[in-house]
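# With the sequence up front, the predicted model follows.
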Amino acid sequence: MTYLSGFVAIVGPPNVGKSTLLNSILGKKVAIVTSKPQTTRNRITGIYTGEDFQMVFMDTPGIHKTWTPLHKSMVESAKAALREVDIVLLITEVSEAVWEETLPVIGVLKKTSRPAVLAINKVDKTKKEILLPAIDRARKIYEFNAIVPISALKGINLNELMGELKALLKPGPQLFPEDMDTVQSEEFLISEIIREKIYLHTRKELPYSCAVTVDFIQEDPKKNLLSIAARIHVETESQKGILIGKKGSMIKNIGKAAREELESRFGVKIFLDLIVRVEKNWSKDTRALRKLGY
Ligand SMILES: Nc1nc2c(ncn2[C@@H]2O[C@H](COP(=O)(O)OP(=O)(O)OP(=O)(O)O)[C@@H](O)[C@H]2O)c(=O)[nH]1
Ligand SMILES: [Mg+2]
C-alpha cells in the first residue's frame, strides 16, 4: 500500500471551532478553546497518524479585520499557513454573520489554489432546514473538493471529514514518529493553559491585553513536583489591578484552575507561581510582540 502524507491548514473566521476540531480529531487537547473569539494566537501543530497515512494539521488564529500589530501578526500567521500547506480545511457555521466573515477567507483561499474541504461546524445546534441552503450557497462561491456538516464538539461526521481529507492526500513519507501528536514545547503549552484560564475568568478587553510567558520550570522527581514560574503581561496598571483582584482573589482563581489542569495533564504535583507585570501597550508594539512570542 502507498503511504500518504501531507499538511492541512485549519482556517476560518474567529470562534467557529477550529481548535475544538483539532482537539477532537486528535482525541487530545493540544490547542486551548474558549467561548471568546481570537483565542488562538499562534499556529498550533497537531499530528494525526493513521495506519497508512499521516496528516499534519495546523490550527491557526481566526482571520479577521485587524487594527493592532497583534491582530496583524495573528492573521499573517494564518494566511501564511494557507500558502504553505497541501490541503486547506476551511471551517464555518451556517449563520449569516459567520458566512459574511468567511467570505474574505475564501478570497485568500482563491489565491492559493489549494484543494479545500469546507466543514460547516456546530450542526448540533443548527436546524436542518437552514443547512442545505448554506451548502448550496457555499457551492456557488467556490469549488470545494467536499463540503461536510460537522460538530467538532459532539464528534458528528468527523470520520466522513477525515475520509474527505485523506482522499486529497498525496503519496509521501511519514513525517513524524507515530506516537508524536504535537510539536509545541511544554513551556508553550503551559503558557497557553494559563492564558485559557485568564480568558475564562476575566471579561471585556482584559483577556486580549494579556500575554503569558514562562520564566522557569523545575522538576523535583523525588517529591514528584514540578515548580513553574510564569508571568502575565498586561498593558496598563488598571488591568493589573483587575487581574490581581480584591485581595488577590482573581489571580488566585486563575492560578488554581491552571494548576489543576496542569496537574492532571502532567500527572505530578504542580507549584505554580504567577506574577503580573505591566508591559505598556505590548499588543501595539512590534518589538514587545516578538519578545512575547507573537
Ligand atoms: N455547539 C457547538 N459549539 C462548538 C462546536 N465547536 C466549537 N464550539 C464552541 O465554540 C467556541 C469556540 O471554539 P474554538 O475551538 O475556540 O474556536 P476557534 O475557531 O479555534 O476560535 P479562535 O481561536 O478564537 O479563532 C467554544 O465555546 C467551543 O466550545 C460545536 O461543534 N458545537
Ligand atoms: Mg482557536
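That came in fine, so what should we check first? None of these values were measured; they are calculated from a predicted model. Ligands and ions are numbered 1, 2, ... in the order given.
# From what I see, residue 38 and residue 74 are in contact.
Yes: using Cβ atoms under 8 Å, residue 38 makes contact with residue 74 at a distance of 7.1 Å. For glycine as for every other residue, the C-beta is placed from the backbone atoms N, C-alpha and C.
# and the residue in the stretch 51-200 of the chain positioned nearest to ligand 1, how many neighbours?
Going by Cβ to the nearest ligand atom, ligand 1 is nearest to residue 62 of the stretch 51-200 of the chain, at 2.9 Å. By the criterion of other Cβ atoms under 10 Å, residue 62 has 23 neighbours.
# Can you classify it by secondary structure?
Look at residue 62: counting by DSSP: H, G, I helix; E, B strand; the rest coil, its state is coil.
# quick one: contacts for it?
Counting by Cβ atoms under 8 Å, 6 or more residues apart in numbering, residue 62 makes contact with 12, 13, 14, 15, 16, 18, 37, 38, 40, 74, 78.
# With residue 242 instead?
Residue 242 sits next to 202, 206, 250 when contact means Cβ under 8 Å, 6+ apart.
# Quick check, pLDDT for the last one.
With respect to pLDDT, residue 250 scores 98.
# could you dump the helix or strand where it lies to CSV, C-alpha only?
Assessed by DSSP states H and E, residue 250 sits inside helix 249-266. In CSV, the C-alpha atoms belonging to helix 249-266 read as follows (Å, rounded to 0.1, in the frame of the first residue of the first chain):
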residue,chain,number,x,y,z
SER,A,249,-8.8,36.7,44.6
MET,A,250,-8.8,36.8,40.8
ILE,A,251,-5.2,35.7,40.2
LYS,A,252,-5.7,33.0,42.8
ASN,A,253,-8.6,31.6,40.9
ILE,A,254,-6.8,31.7,37.6
GLY,A,255,-3.7,30.1,39.2
LYS,A,256,-5.9,27.3,40.8
ALA,A,257,-7.7,26.5,37.6
ALA,A,258,-4.4,26.4,35.6
ARG,A,259,-2.6,24.3,38.3
GLU,A,260,-5.4,21.7,38.4
GLU,A,261,-5.3,21.3,34.6
LEU,A,262,-1.5,21.1,34.6
GLU,A,263,-1.5,18.5,37.4
SER,A,264,-3.9,16.2,35.6
ARG,A,265,-2.0,16.7,32.4
PHE,A,266,1.5,16.0,33.7
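# This structure: helices as residue ranges?
Using DSSP state H, the helices of the chain run over residues 18-26, 69-84, 96-112, 128-141, 158-168, 186-201, 237-244, 249-266, 286-291.
# looking at these, which is buried most?
Stretch with highest mean neighbour count among these: helix 18-26 (a mean of 24; mean count of other Cβ atoms under 10 Å).
# Off-centre distance for that one?
Between the centre of helix 18-26 and the centre of its chain there are 9 Å (Cα atoms, centre = their mean, to the nearest Å).
# got it, and stretch 42-54?
That offset, for stretch 42-54, works out to 15 Å (Cα atoms, centre = their mean).
# what's the span of that stretch, first residue to last?
With Cα to Cα, to the nearest Å as the measure, the first residue of stretch 42-54 is 22 Å from its last.
# That stretch - what's its average pLDDT?
97.
# List of residues touching it?
Residues contacting stretch 42-54 (Cβ under 8 Å, 6+ apart): 1-5, 19, 22-23, 25-26, 30-31, 55-61, 77-78, 81, 162, 166, 169, 174-176, 178, 180-184, 188, 293-294.
# do that stretch and ligand 2 meet at all?
No: judged by Cβ under 5 Å from the ion, stretch 42-54 makes no contact with ligand 2; its nearest approach is 7.8 Å.
# Also stretch 103-123?
No: applying Cβ under 5 Å from the ion, one finds stretch 103-123 separated from ligand 2 by no less than 11.9 Å.
# Are that stretch and ligand 1 in contact anywhere?
Yes: using Cβ under 6 Å from any ligand atom, stretch 103-123 reaches ligand 1 at 121, 122.
# What average pLDDT does that stretch get?
96.
# Quick one: distance of it to the chain centre.
Taking Cα atoms, centre = their mean, the mean C-alpha location of stretch 103-123 is offset from the chain mean by 17 Å.
# Put the alpha carbons of that stretch into PDB.
What follows is stretch 103-123 as a C-alpha-only set of coordinates in PDB (Å, rounded to 0.1, in the frame of the first residue of the first chain):
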ATOM      1  CA  LEU A 103     -16.100  35.300   2.500                       C
ATOM      2  CA  PRO A 104     -12.700  37.100   2.900                       C
ATOM      3  CA  VAL A 105     -11.100  33.900   4.000                       C
ATOM      4  CA  ILE A 106     -12.400  32.300   0.700                       C
ATOM      5  CA  GLY A 107     -10.800  35.300  -1.000                       C
ATOM      6  CA  VAL A 108      -7.400  34.300   0.400                       C
ATOM      7  CA  LEU A 109      -8.100  30.700  -0.400                       C
ATOM      8  CA  LYS A 110      -8.800  31.500  -4.100                       C
ATOM      9  CA  LYS A 111      -5.300  33.000  -4.400                       C
ATOM     10  CA  THR A 112      -3.600  29.800  -3.200                       C
ATOM     11  CA  SER A 113      -5.400  27.400  -5.500                       C
ATOM     12  CA  ARG A 114      -5.000  24.600  -2.900                       C
ATOM     13  CA  PRO A 115      -7.500  21.700  -2.700                       C
ATOM     14  CA  ALA A 116     -10.000  22.700   0.000                       C
ATOM     15  CA  VAL A 117     -12.700  21.000   2.100                       C
ATOM     16  CA  LEU A 118     -15.400  23.100   3.800                       C
ATOM     17  CA  ALA A 119     -16.600  21.900   7.200                       C
ATOM     18  CA  ILE A 120     -19.800  23.600   8.400                       C
ATOM     19  CA  ASN A 121     -19.400  23.300  12.100                       C
ATOM     20  CA  LYS A 122     -21.800  23.300  15.100                       C
ATOM     21  CA  VAL A 123     -24.600  21.300  13.400                       C
END
